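Student: what's the 3D shape of this:
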Amino acid sequence: MLTPSKRLQIAAWAASVTAGAILGACGPTSTALEISDAGQGAPGSDRVGASDAGAIADRVQVDRAAENDTGGHGDLDASHGSDTWPGDTSVAGDAAAQPDTALAAVDASQVDAAGTGECADDGDCGSERDCVGGVCRDTCLFTCLLAETGDLCVDGHCVDCETSDDCAGNTFTCDPETYACIELGFRPDPVQLECDSCPGGTLCGGGGDTTTCGTPGFGASWCTPGASVSGSWSYLENGWVRIGADLRRGAAIGHFSSPTSDGNILDENDTGRYLQQSYYGDNLGGSWNGEPWHFNPVQGGDSDNVPSEVVEYCNDGSTIYAKTIPRDWGGLGVTPTVMEEWITLAGDIAVIRFRFEYLGDWDNAARHQEVPAFFVRRELENLTMYQGSAPWTGGALTSILPNQLETAGNQRVDFDEPWLAYLNADGWGVGLYKRGEDEATSYRYKSIGEETATSYFAFLDTFALVTGLVHDYTSYMKIGSGGELRSRFQQLHQAGL
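Tutor: Down below sits the predicted model:
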């Protein structure tokens, strides 16, 4: 039950957030990668977070009333989310998944997908516009204050850019013919790492190229935080992989792709999916799907798809940093917690550090926590792992089809190398490594091709949200076959990461 004192405490915290009391400055973080287990799970499914009072200590055992509801986690109606993944054949992603600052640059009204343009000569553009490189542009003398085709007056036309410095981000360049910002995109073929071996604590590709060993860490050069967070997505890419954080939804990680991945492989259908942080406490009066729901700060937002607010954000080209004030999944509003993340790339691996701080004035009972929650495209349904007595010796891998959430609830799995992967029927997919892990919860929801279908797992640890708790851990994500994932994760393990 949410007592009056706790309700007032949460309300006071929400007011302080609104007033900007917790805004700080983006700054460097220690490159030491703490491998403490914490995390919880993305809210959204009936997975953990089972809400019957008798199951409060065991988040994996889902009560039947919750596990059998047809909603499943994140089963918000289609209007609550974009398509489960962009699914575009270009690794660069579809326009809906690009930052707002880039949308104007790739406006379909300027250049069509085939590159043939919208005009052949001035006559195709009407009396107030000229045809410039196949794009109709407003004319100008000095300024473009009222123009619709661009903000810069260049050679008598209102355009988007004159040089690449006018384009947002380091992955766009100014097309000299159309004066439009266009995305550079990935190299056409996967990049091969060429290091024969690397010293302990380093990885091939960690130095930023195909032949250099380096330590996966976080950028030393930090951008100055702006007055507010703008745009919708923020990306890093290096030719091996591309990763994106959704600034509309707590900077949860909703895009991961490679030159061979046929678009985004993560599920960002609603605020409860993504790769993200989510933690559980006591039952304070929250509810979801008509059932009681434990205190549950979620990075992406609440079960009504109200997003968590990003209060601080930087992307200096090598590291994405974000600070988020999460909302409670069960509808209690803004929570007295802070979530942070640092994302960087080391060759073909995404390095993701999560940090959680609990500022509530009450202690909660210990529960199973998801560290972190991980949702991917439904066709990646074969949960792959090593189960045996001789880890890292090349023994056979095990693949299972996890339970269907609608009929059987979550499925607990134990494994003996600290990584899991979801692979498709061809043995290709995405894996997540986190040192020290040996158990997880998992499920599949709906069937391949159905709207809101998903595949999910989360590493499990048990701890309590108590006053002053700080939980900090790092995980590593890679795309590839089961064998490729295992080999790369073994390098991480041998490096002590």
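Student: Please count neighbours and contacts with C-alpha atoms only from this point.
Tutor: Noted.
Student: Where does the record place the domain boundaries for this structure?
Tutor: 4-92+198-494, 101-183 (automatic domain parsing).
Student: per-residue confidence averaged over the shortest one?
Tutor: If I follow you right, that is domain 101-183. The average pLDDT within domain 101-183 is 76.
Student: so how far is that domain off the chain centroid?
Tutor: Taking CA atoms, centre = their mean, to the nearest Å, one finds the center of domain 101-183 at 32 Å from the center of the full chain.
Student: in what helix or strand does the nearest residue to residue 293 once chain neighbours are set aside lie?
Tutor: Using CA to CA, 6 or more residues apart in numbering and skipping the chain neighbours, the partner closest in space to residue 293 is residue 287 (4.5 Å). Assessed by DSSP states H and E, residue 287 sits inside strand 286-288.
Student: Quick check: which of the domains of the chain is buried the most?
Tutor: Mean neighbour counts were compared across the domains of the chain using mean count of other CA atoms under 10 Å; the top stretch is domain 4-92+198-494, at a mean of 21.
Student: any idea of the pLDDT on residue 287?
Tutor: 94.
Student: now it, which residues is it bridged with?
Tutor: residue 292 (DSSP bridges).
Student: Which helix or strand lies directly C-terminal to the helix or strand of the chain with the lowest mean pLDDT?
Tutor: Every helix and strand in the chain was compared by mean pLDDT, DSSP states H and E; the lowest is helix 100-103, with a mean of 29. Proceeding N to C from helix 100-103, the next assigned helix or strand is strand 129-132, under DSSP H and E.
Student: Provide a list of residues in contact with the residue nearest to residue 293.
Tutor: Contacts for residue 287 (CA atoms under 8 Å, 6 or more residues apart in numbering) come out as 293-294, 330-331.
Student: where does the protein have low pLDDT?
Tutor: Low-confidence segments of the chain (pLDDT under 70): 1-116, 168-172, 183-191, 207-208, 216-231.
Student: Can you report phi and psi for the residue positioned nearest the centre of it?
Tutor: By CA atoms, centre = their mean, the chain has its centre lying nearest to residue 253, at 0.6 Å. Main-chain dihedrals, residue 253, degrees, to the nearest 10: phi -80, psi 110.
Student: For residue 356, see how far away the nearest residue to it once chain neighbours are set aside is.
Tutor: Once flanking residues are discounted, residue 253 sits nearest to residue 245: 4.4 Å by CA to CA, 6+ apart. Note on residue 245: its distance to residue 356, by CA to CA, to the nearest Å, is 17 Å.
Student: Touching, the residue nearest to residue 253 and residue 234? I think so.
Tutor: Yes - using CA atoms under 8 Å, residue 245 is in contact with residue 234, at 5.3 Å.
Student: Please enumerate the helices of the stretch 301-450 of the chain.
Tutor: Applying DSSP state H, counting those that start in this stretch to the stretch 301-450 of the chain gives helices spanning 405-408.
Student: Strands along that one, start to end?
Tutor: 309-315, 319-325, 327-328, 333-334, 337-346, 349-358, 367-376, 382-385, 398-400, 411-414, 419-423, 428-433, 439-445 (DSSP state E, counting those that start in this stretch).
Student: Include distance to residue 192 when you put the domains of the chain into CSV, please.
Tutor: Putting the domains of the chain into CSV (distance: least, CA to CA, whole Å) gives the following:
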stretch, distance to residue 192
domain 4-92+198-494, 7
domain 101-183, 21
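Student: show me the residues around the residue nearest to residue 399 when sequence neighbours are not counted that make contact.
Tutor: Leaving aside its sequence neighbours, residue 399 sits nearest to residue 384 (CA to CA, 6+ apart; 4.2 Å). Listed by CA under 8 Å, 6+ apart, the contact partners of residue 384 are 397-400, 420-423, 482.
Student: and residue 384, how far is that from residue 440?
Tutor: Taking CA to CA, one finds residue 384 at 12 Å from residue 440.
Student: cool, and residue 143?
Tutor: Relative to residue 440, and taking CA to CA, residue 143 is found at 59 Å.
Student: go on, residue 336?
Tutor: For residue 336 relative to residue 440 (CA to CA), the value is 27 Å.
Student: cool, residue 142 as well?
Tutor: For residue 142, the distance to residue 440 - CA to CA - is 62 Å.
Student: follow-up on the earlier one: would you agree the residue nearest to the centre of the chain is in contact with residue 246?
Tutor: Yes - under the criterion of CA under 8 Å, residue 253 makes contact with residue 246 at 6.2 Å.
Student: if we can go back for a sec, which one of the contacts of residue 384 is nearest to residue 370?
Tutor: residue 420 (13.6 Å; CA to CA).
Student: how about the closest one, what does it touch?
Tutor: Residue 420 neighbours (CA under 8 Å, 6+ apart): 383-385, 431-433.
Student: For those, give me JSON lines that also has distance to residue 122.
Tutor: Output for the contacts of residue 420, formatted as JSON lines (distance: CA to CA, whole Å):
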{"residue": "383", "distance to residue 122": "57"}
{"residue": "384", "distance to residue 122": "58"}
{"residue": "385", "distance to residue 122": "61"}
{"residue": "431", "distance to residue 122": "52"}
{"residue": "432", "distance to residue 122": "53"}
{"residue": "433", "distance to residue 122": "56"}
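Student: farthest pair in these?
Tutor: Taking CA to CA as the measure, those have their most distant pair in 383 and 433, spaced 13.5 Å apart.
Student: Distance of the residue lying closest to residue 477 once chain neighbours are set aside relative to residue 368?
Tutor: Closest residue in space to residue 477, ignoring its immediate chain neighbours: residue 432 at 4.6 Å, by CA to CA, 6+ apart. Residue 432 is 19 Å from residue 368, where distance means CA to CA.
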